Every structure is written in structure tokens, then in C-alpha cells.
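J.: no FASTA, just this:
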């Protein structure tokens, strides 16, 4: 007797499993295993109907997950059964796998012509509306439904109007005419929003303007007629509306015109300018403008003969509400001019919009001994020069394609010099003051600013200075170490942890003061090596005396209980046991490795 | 539903070398709320606010849906300030609360609830908060921030948010869920982190993807992580109730606690039942961050669950609800017993009134403190009849009762309940469309349905995750009728401290 055909064998196995296994959960788990076999999908005509009969609700997710376009016939048969049995959830989940926009329109036309009661037809239509559906009704289909029952089917028609951007275009003229004849205002407006041309829209807006409606009424009318697509819409009539209504138009623009092209923006800005409405102008500006224009406007502003109060007020108007993706970048010359004019008042503005390190501004701030601004500019230098480090000192593994760049190295040294000089001056004057400002520089580093920590520590002059110099002074300052450990950036935290590795009474004291942050690092998603830095610091602190040990040991003990890929390693656990024993006996523990 | 938001400025967090000022812009369309104070633990507050923003923008079904989500609300009460938000996919509710002694209040305080503007830019600014900087927290008290920051062509701005009905319903359902008092127990953060690591570190090869909390008397509680059934024991926990296993889903969203658990001292876990929501309340110093998850991602609150069917059933009139509401307007925060004492209404009536007020978004239940707080989620009262369409199963159940299709076979009073639970159990036969189903219901001393079992297909497929089937509802109604007709039983009412455990 020959060997059984594997497909037949599998088929028998599947049917036996579905029909004879008592627990549905057991069936599901076993099927999940069988589904990994290559022939499983070919037997959909066997297992799909059997599962449906066994329990359509329980096995719905399995059916949906394992049936696809390759099993059209199986799906269509199941759809018919699910629709007849009222399994709407399964129907809606399977329907998208087997239909297309044309097929969908065909089905709807058939439903429109069916003798079934309107309620059933409507339910069938809703069943064919699945999540993420992008299909649109063709005019013929919409007319068929409208003819069948205007009031019953209008809502469905309105939901499924879509303007096509390819192939045969229809502007639904016939349906628009029929709806207007019936005074079906909601449908008329819905069709207008979807299909009106730019000219029709502008004509309609001008017609409304001629009626001199109250502002609220005009805005409501605008919303009712707001086109589905506005990207290429001619906004000339809206410009007229701005001239007539001014700021009262703004709510409509704010909520409805998120994205405007250059020409559209120009039309609206000109209208606001004509009306001499500065507030509206600037709101529109930040919707349609860009950084170059903005900097030009600021230059113009600075040339006007205004006193400080008036300048500040005008600047406030020209300040974007937010600076997402650093869209509004302040140019260096504008930043310098603002700082020169009002150093104190414009600092927050500079901090928000100055993206790049400006050496001339650094020199100006140095001349004024403006430490706060200098801290911020030092941070910008830290960030900007990091890319120069990448050019100057590529990793050895890339030397085949990119050699170290001596020019970049020289530029790195030159551009870092003023910043380093400042650090040296600060430290010479007062180590505590240096540490305070160094911590402030690092406090600007955002949570997800990613560095190549070890490369920068080795080659980035500014970062290397901050991270490796004057550790004793850092450890002497409770606030400075805390500043590092409280940072949302893991690399700044690592900088702090590195400083604590040296041990000693000051380090032990700092560790105890910052136990919540050490604990948070051990519990969080930091890498194993980072956690070992924490454990090392804790362990050394514990060995400094019973007071320190009493505070530190509970944190160490808890860390041993956190398991997982980022949990403490076995090696660390062994070291922990040794530390605990040493702490109890007073013996010296081996260094943490 | 359209909600109109208007702010006179953007929420700002401005930081200098020595100070941070967190100034929340409050919704001008709501009655004014005002608070200002110095924060004692700024870094903790920072971490928890970022975690809350994570909830607002999280959506496990549509990553862009956060763009129309309602701004978080903040409530200022005499003893506490708390923020609330709801995720775009309607599956996660978060609450961040702080007692007033986590601040050093300054100036005038105006109690109430309002929306706050909370943006990505604010989230970035929050990261500069440090314990070394004097940090001021203010709501509705402008005057902080510098004139040059964030004016943008006039500082006033408005926004209209169209809330889908499902989102709205989901948000309200979670309020009613909290009023049902889940079973709670404390766990160590390290144990919860270990549990998360089990399914975060490896992709499950196949379903199921649930968590099974196993509760055995005399043993530490533990959870099994499916499909590997890896046990995680909650050390230092103990359990003395009846043996049970509670299976929940939607564990993926526990990832939202990754920024919170490292700072937590302990976590209170709350379980409502199999397939029902589960709650995780992280105690971080003086703050509390509570995450409530629906049964599973697709079983969002709005369409799947039906908590009102598990609600207390004592009748409550509109006048009684108004009385309870007025009591909370006076007190702002109170226990159920205090409200009953103030109003003179029976405990069951008060409980049902509070449940309905929670569902209407006018009151919030503080699960751990066992108190209720006045909190108006929206500026205008909602028309709940349009939001909560009556469950058709309830109408069917009423008809079955009227038609005499329910036969109660046995009633076991609480004192004779062998499980030790303070519940009245009843078995019944329910005949519906010619088919007879066996139903078992258990109600607590407040008349709430705590457990049910039925032999009908709907129950077999969904258990209680979509609310009780019509047969269980009918058996519940019939049991209540019979108990009402019987002489009153001298049993103490479920008190605020012990109920639900």
C-alpha cells in the first residue's frame, strides 16, 4: 500500500480535530499549530466551513486571520451563510478580502433593485461598509438608491460620496439636479462639498457675501460648503471674505484649512494685509509661511523705530505658537540683532527658536557675562559639533571608505575653543560655579537625542571636557550629580554614573541621595551595561559603612528580583551576594566586574 | 458630539537656571478653575505627566487618531488635584492624582473641572524640570511665562473637537466601571516588571495572549502569562478569599506603565472579572497614576462592554439623583455612607444614583479611597438617552419576567453561602423562544450582579464580557422580586472599606 497523500492526511486530521475535540480552545490551539504547515491554506474549503458550523463566533478571528484573497470562493460561500445567519461581525471582517470598488457598486445596485424591504436593504448596505473602506458610489448607483428611497438612503449616499482622481470623472450632475428639485438641502450640500469645482465654490462664496450675513451665519455657511479637497482650490473669494469679515473668519480657516499651498497663502495674506488686521495676518502667516520669510519680517521689524515695549509686543505677535519639527529657525544675524537690542527679554525667544550654534552670539554673550545664554549656546555647540566628530573621526570599521578628516578635526578644535575657554574660566573662578553651569548645559539635552556616547567622549572636545574633567568637583556638588541622574537622556545619566564609579565617601553620599533614580534605572529599560554601572556604584556605596548599606541594600535586593532580558544578570547576582556578605562581615568585597 | 475648547494661551513650561514654571492653559468655555503652588517633587510629576501624554496619543488600532482626542481634564478639589485622559482607541483610561500637600499652594484656589491644553511642545518642555529648580505649577492663573513665548499672532486660540459617540460612550463607561469596586490587591513594582518582561521580551507564537491571575487562599497571588503559562509570583502578597482565576486581556497596553513603574513604591491591581477591565494604580511618592484597561483592544468600552447591566438595581428617581448630586456639589468629595447620612436616602438608592452620575460623567469614583467626587467631564450635561441606547436584552428580560417564564429553583442566602462570599445565589430555569436555559446568578448585598452563568449560546461565547445575557438579567430581576417580597434579612450592608474584596 502506498504512503497516504499528505494533503488528504492533513484534511482528515483537521476534520477529526474540529468535529471530535470537545474544547473549543483546544481546537483553536491545535489549529494554530496546523496552520503553520504549507498545505493548510489549500484546505480552506475543508476547515473554513467546518469551523463556521462548529462555532462561527468563537472561530471568527481564526477564520479572518487565515482566509485571504487566494480563497475567494470559500470566502464568498461563507459570506452568503454569514449574511443569512446574521453573523455581521464575521461578514464585515471577510467582505473586504473579496470585493473591489466596481463589484461593490454592482452589489449595491442589485440591492437597490431588490424586492426586500428597505430596512433589510439598509442593513445589507451597512454590512458592506467595513473599517477603512475607501470605495465611493458611482453616480448610477447613487441614483438607483435615491430613486428607491430618498429619505431612507440619503444618509448612506452622503457617507459614500468620493471624488475620483483617476479614470472616468463624474461630477454627479444628475443627482445634484434631482436633489435640488426635491429641496434635499443636506444632500445638495454634501454633493456640493464633494463635487463642486473651484469656480462653483468661489461663485457660491461670493453669492453668500452679497447677502451680508452676520459673521456667525456666514461662517456656518462656509462650513456647510467646505470642499472635501482644498489643495488646488482657488481662494480668491475667501480673500474677499477676509476683507469683509476679518478675524471672524479665523475659526473656519483654523479648523478647515490645515494645508495651504503657496499661492493660496499669498491670496489670504494679501487680504489680511489689505484689511490691516495684524493679528489675523500673523495667524495666517504661521499657517502658510516659512522660516525665510519669517526671518525677513523680523529683520524689517528690528529696523523700525520702536521703543522696547512696542518691540516686545510686535515680537509677541510674530512668535509662532509652537515650533514643531523646528520649522521656525531663527537665523544668526536676527538672533544677534535681537540680543543686542534687548538681551534679557529676548532670551526665552532665542532659546525656543535658535537651532544652530552661533559663534558671534557666543562672543556677545561672553562679553556680557550672560551665563544663562552661554549655557544654552554651549549645549547648541555640543549638539552641532557632534556631527563634525562623525566626519573627523569615523569608526575604524569604516576607514576603508572614510578616512579621518584632518580639516574636520581642526575645525572641531577651533569651534570648541571658545566654549572650552569659558569652562576653564568658570572653573578657575569657582569649581562649584563651573559644575553648576556644566550641569545646566547638559540639562538642555532632550530625552531622545542619540549620541555615539563613547566616540563623543573620546573625540568631542566639549563633551569630553564635561564628562571627564573635574570629577571631584562634580562629586562635591549634590545638585550637580542629581541634575545628571534626573536627566531624561540616558547618556547624560551614564555620564553621572561614570562619575560615581570612582567610589569614595563623596560618591557614596551622592549615591544615597539619589537612590530613587538609581532604583528607576535598575527597573527601567536601560541596557545591561548601564545597569551594571548602577550596581557598581550601589555596591561601592554599601561598603562604605552601615548607614550607607542600610539605605542601599534594599535597592540592590529588589533589583535581583526584576527578571527578563534587561534584568540583572547572573554574574551581577553573584557579585551582589558577595557584596552582601562582605558588608555583613566587614570584609573587603572584590570590585564589581 | 462637538466640544468647543478655547484657551487664552498655550500651556507653557518655561525653565531658567533656578526655576521652572508650568502654566496650564484652562478652557475658557468652562467655569474658571484656578490653582497655583510650588511642586515638592517635580521630577516625579514630570515622569507621570509624560506617561499621561503617552496614553493620550496611544492608539493600538489607528496611530493618527490621537489628533482628535479630547484634551485632558484637570479637577481641583480641596484635598486633591487630578488629571484624566482617555486614549484614541477607547481602550485605556488614565488618571494622575496628587494630594494638595504635594504642593505648597499660593494664592487663590477655585475648585472645579476644566480642560487643559497639552501638546507635544509641552511634553518636550517638561523634560527640563528638575528637583534643583523651584517649580511652580499653575492652572488658569496666567502671569507666568514670558511675553515673547508662544503668542503666535495673538495668544487666544480655539479648537473644536468632534468626539465620536463611541469614544464618548467609552469614556463614560469607564466611569461607571470604576463605581463597581473591583477586587484589589497590592503588588511590588519589581514583580509587575517581571510580568511585563515575559511578554515584552518574546513574541508569543500563537494565541492565547491573556493574563491569568490565580488567587488561592493561604498562598501568595500569582499571574500566569499566556501562552507559555509562565508564572510570576507576587511576593509579599497573600489572599484569604475563595479560590478563583481571573483571566484578562489587552496586556500589550501595560507598556504604557514603562515610564511609571520605575518610580512606583507599590502598585494596586484591580480586577473586575474575566474578560472585563483591569486596573493598575501606581503609587509614586505622593502621586498616584492609575491605568484602567478594557478587556482587550478590540473589546473597547463603547461597543463591547455593558457595565450598566452589572450595576446596582435599586430604583432611583430623578429627584433622588438630584439630591445626591446636590450633596456632592456641597461637599465635593464624600463616601457613600456620608452621602446616605446627609441625604437620608437608603444606601442602595445612593449607590445606584452615584453609578448613574458616574456614567453621566458628573461624578467620579475613587476606587482606592472608596469615595466619590464631583467632576463634570463636560461643560454641559449630556443627553444620555442618545448615547446609551437601552440594551435590547433588558427589554427581553423584562418581558420574560412579565410572562412568568422564570422559575427560581433555589435561593442560597449569604450566611449559607459555602464560598464565603456575602452573596445571595439563585439557580433558575428561563424559558425563551421555546428553549429552557439554566441560569445561576449571585448578587451582593447591594443587589449588584456579581456572578452569573447560563447555558445559552451567547453566554457560552462571551461569558460576561459583553454584559449579562437576557436570561441572567431575567433571573436577576425575578430574584429581586422574590427577595423584595420576603421578610428583610438582618445582614449588614456592604461597607465602603471592605466591599469588593
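T.: Noted; the coordinates are in hand. These figures come from a predicted structure and were not determined experimentally.
J.: When you work out contacts or count neighbours from here on, use the C-alpha atoms and nothing else.
T.: Fine.
J.: Kindly list the longest helix within chain A.
T.: helix A:406-429 (DSSP state H).
J.: ok, and does the following helix or strand past it reach over to chain B?
T.: Once the chain leaves helix A:406-429, the next helix or strand it forms, by DSSP states H and E, is helix A:431-443. Yes - using Cα under 8 Å from any Cα of the partner chain, we find that helix A:431-443 touches chain B at A:440, A:443.
J.: Which parts of chain B are helices?
T.: Under DSSP H, chain B gives helices at B:42-57, B:120-126, B:165-178, B:189-200, B:318-331, B:336-343, B:347-359, B:384-387, B:392-402, B:457-462, B:470-485.
J.: Least reliable of the ones you listed by average pLDDT, please.
T.: Comparing mean pLDDT across the helices of chain B, the weakest is helix B:384-387, with a mean of 71.
J.: Now do that helix: distance to the chain's middle.
T.: Chain-centre distance of helix B:384-387: 20 Å, with Cα atoms, centre = their mean, to the nearest Å.
J.: what sits up against that helix?
T.: Helix B:384-387 is contacted from outside by B:165, B:168, B:169, B:360, using Cα atoms under 8 Å, 6 or more residues apart in numbering or on different chains.
J.: mind putting the helices of chain B in a markdown table, distance to residue A:364 and mean neighbour count included?
T.: Below are these laid out as a markdown table (distance: least, Cα to Cα, whole Å; neighbours: other Cα atoms under 10 Å in any protein chain shown):
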| stretch | distance to residue A:364 | mean neighbour count |
| --- | --- | --- |
| helix B:42-57 | 33 | 22 |
| helix B:120-126 | 26 | 18 |
| helix B:165-178 | 54 | 23 |
| helix B:189-200 | 50 | 22 |
| helix B:318-331 | 58 | 16 |
| helix B:336-343 | 65 | 17 |
| helix B:347-359 | 60 | 24 |
| helix B:384-387 | 62 | 12 |
| helix B:392-402 | 75 | 17 |
| helix B:457-462 | 71 | 15 |
| helix B:470-485 | 78 | 22 |
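J.: Let me have these in TSV, adding distance to residue A:298 as columns.
T.: Output for the helices of chain B, formatted as TSV (distance: least, Cα to Cα, whole Å):
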stretch	distance to residue A:298
helix B:42-57	34
helix B:120-126	23
helix B:165-178	44
helix B:189-200	50
helix B:318-331	51
helix B:336-343	61
helix B:347-359	52
helix B:384-387	51
helix B:392-402	64
helix B:457-462	64
helix B:470-485	69
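J.: Around residue A:93, count how many other residues there are.
T.: Applying other Cα atoms under 10 Å in any protein chain shown, we find 19 residues neighbouring residue A:93.
J.: any idea how far residue A:127 is from it?
T.: Distance, residue A:93 to residue A:127, by Cα to Cα, to the nearest Å: 10 Å.
J.: Any idea how many residues pack against residue A:531?
T.: 26.
J.: Check the one 5 residues further on too.
T.: Other residues within reach of residue A:536, judged by other Cα under 10 Å, total 24.
J.: Can you name the helix or strand that it falls in?
T.: Per DSSP H and E: helix A:528-542 holds residue A:536.
J.: hmm, the longest helix of chain A touching chain B?
T.: No - using Cα under 8 Å from any Cα, helix A:406-429 stays clear of chain B, with a minimum separation of 15.8 Å.
J.: Name the residues of that helix that are buried.
T.: Neighbour-count burial for helix A:406-429, counted by 16 or more other Cα atoms under 10 Å in any protein chain shown, picks out A:408-409, A:411-413, A:415-416, A:418-420, A:422-423, A:426-427.
J.: now do stretch A:427-437
T.: Neighbour counts over stretch A:427-437 (16+ other Cα under 10 Å) mark A:427, A:431, A:432, A:433, A:434, A:435, A:436, A:437 as buried.
J.: doesn't residue A:426 make contact with the fourth one?
T.: Put plainly, it is residue A:433. Yes - in this structure residue A:433 lies within contact range of residue A:426 using Cα atoms under 8 Å: 6.6 Å.
J.: Off-centre distance for stretch A:515-522?
T.: Taking Cα atoms, centre = their mean, the mean C-alpha location of stretch A:515-522 is offset from the chain mean by 28 Å.
J.: tell me the mean pLDDT for that stretch?
T.: For stretch A:515-522, the per-residue pLDDT averages 94.
J.: what does it rub up against?
T.: Residues outside stretch A:515-522 that contact it (Cα under 8 Å, 6+ apart) are A:485, A:486, A:511, A:531, A:534, A:552, A:555, A:559, A:567, B:262, B:263.
J.: TSV please, covering these and showing pLDDT and distance to residue A:360.
T.: Formatted as TSV, those follow (pLDDT from 0 to 100; distance: Cα to Cα, whole Å):
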residue	pLDDT	distance to residue A:360
A:485	97	32
A:486	96	32
A:511	96	40
A:531	92	41
A:534	94	41
A:552	91	48
A:555	90	48
A:559	86	49
A:567	81	48
B:262	95	43
B:263	96	43
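J.: most surrounded residue in the residues you listed?
T.: Of all these, residue A:511 has the most neighbours under the rule other Cα under 10 Å, reaching 30 neighbours.
J.: By mean pLDDT, which helix or strand of chain A comes out lowest?
T.: Least confident helix or strand, chain A: helix A:570-585 with a mean of 75, by mean pLDDT, DSSP states H and E.
J.: What separation is there between the residue in the stretch 101-250 of chain A that chain B sits nearest to and residue B:188?
T.: In the stretch 101-250 of chain A, the residue that lies nearest chain B is residue A:250 (9.6 Å; Cα to the nearest Cα). Note on residue A:250: its distance to residue B:188, by Cα to Cα, is 52 Å.
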